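Participant: Fold the following and give me the result.
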Amino acid sequence: MGIPLFSYFILFMRLFAEINGEGSQDDECKVSRCSHHGPVIRFPFWIKDHHSDSCGYPGFELSCSEKDQTMLELPYSVRLTVEKINYTSQDIIARFPHDYCFQRQILNLNLSASPFQFTYGIDDFTFFNCSENKSESYWLSSLPGCFPSSNNPVYAAQSYFYLGDVNLTSCRKILNASLPQSIFYGAYGVFMNWSKPMHGNCEAQGNKCRLKKSNSTEPEIECIHKPAKGT
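Facilitator: So this is what the prediction gives:
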């Protein structure tokens, strides 16, 4: 006995719903960027007020500034301008924006509550708050202050430096932190990577990743394979 025509209709409608649902998600989570010269934004990142949070992985929210810069907000109100994202090696290059207080940003920079890690050139630094200006030297570097501000000057020194010959009168130690050297030597660059979610292999094969629909309490991802040519 043949299959009733109604059964074919139900099967067709289910297939259409699945295809249409996937297409809708692709439209909602389409690749974007904040400016023509900005980095391409796709999973695991997503842009606030542009994408649904289901388009990205927790902790990877970005935003576009009024100047069309790609902004990453880290814990403790630290904001960075994202310059480059490598989705295969899972690396990100960012910098401190010029219009934000560098001194406050650097003292609050802590990745322990974020999905990112510093990639290389990590050193231990000690920060001092001084009631008067000190002469800078190889051992002691000043942090640009906040303008306008009445805060005391802040200085940083690598923790293993011998500071016995440095005049630290009127100074008090305020923080020990492990930070990249590039922040102090160069253009305040911050080089980071992420290990979770692990999707680099999927990207390297020309495929794309997305959040997997599941009842798990932990977010899961799936690799969507690119259709082969000619199919």
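Participant: The most centrally placed residue in the chain pairs with what?
Facilitator: For the chain, the residue nearest the mean C-alpha position is L72 (5.2 Å; Cα atoms, centre = their mean). Beta bridges link L72 to L62, L80, judged by DSSP bridges.
Participant: For it, list the residues it contacts.
Facilitator: L62, R79, L80, T81, V82, I92, A94 (Cβ atoms under 8 Å, 6 or more residues apart in numbering). No exception for glycine: its C-beta is placed from N, CA and C like everyone else's.
Participant: Now neighbour count and pLDDT too, for the residues you listed, in a markdown table please.
Facilitator: A markdown table is the format used below for the contacts of L72 (neighbours: other Cβ atoms under 10 Å; pLDDT from 0 to 100):
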| residue | neighbour count | pLDDT |
| --- | --- | --- |
| L62 | 23 | 97 |
| R79 | 17 | 93 |
| L80 | 25 | 94 |
| T81 | 20 | 95 |
| V82 | 21 | 97 |
| I92 | 23 | 96 |
| A94 | 23 | 94 |
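Participant: Pick out whichever of those residues sits closest to S112.
Facilitator: S112 has its nearest neighbour among those in L80, at 16.0 Å by Cβ to Cβ.
Participant: hang on, the earlier thing: which pair in the contacts of L72 spans the largest distance?
Facilitator: R79 and I92 (14.0 Å).
Participant: Wait, V154 touches P144, no?
Facilitator: No: between V154 and P144 there is no contact under Cβ atoms under 8 Å: 9.2 Å.
Participant: neighbour count winner among these two?
Facilitator: V154 (21 against 13; other Cβ atoms under 10 Å).
Participant: Just the pLDDT at the more buried one, thanks.
Facilitator: Looking at V154, its pLDDT is 91.
Participant: before we move on, what about G164?
Facilitator: On the pLDDT scale, G164 is placed at 84.
Participant: which stretches of this protein have low pLDDT?
Facilitator: Applying pLDDT under 70 to the chain flags residues 1-27, 147-150, 185-188, 228-231.
Participant: shared neighbours of V154 and P144, which are they?
Facilitator: With Cβ under 8 Å, 6+ apart as the test, V154 and P144 both reach Q103.
Participant: The residue lying closest to S182 once chain neighbours are set aside: neighbour count?
Facilitator: Leaving aside its sequence neighbours, S182 sits nearest to G189 (Cβ to Cβ, 6 or more residues apart in numbering; 4.6 Å). One way to gauge burial is a neighbour count; for G189, by other Cβ under 10 Å, it gives 16.
Participant: From H50, how far off is G189?
Facilitator: Counting by Cβ to Cβ, to the nearest Å, the gap from G189 to H50 is 26 Å.
Participant: In this structure, mark out all the helices, start to finish.
Facilitator: Assigned by DSSP state H, the helices in the chain fall at 5-28, 102-108, 200-204.
Participant: How about the residue nearest to S182: which residues does it bridge to?
Facilitator: Listed beta-bridge partners, G189: R95 (assigned using DSSP bridges).
Participant: Return the residues in contact with it.
Facilitator: I93, A94, R95, P180, S182, I183.
Participant: Make CSV out of those and add distance to Q103.
Facilitator: Putting those into CSV (distance: Cβ to Cβ, whole Å) gives the following:
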residue, distance to Q103
I93, 22
A94, 18
R95, 15
P180, 17
S182, 17
I183, 12
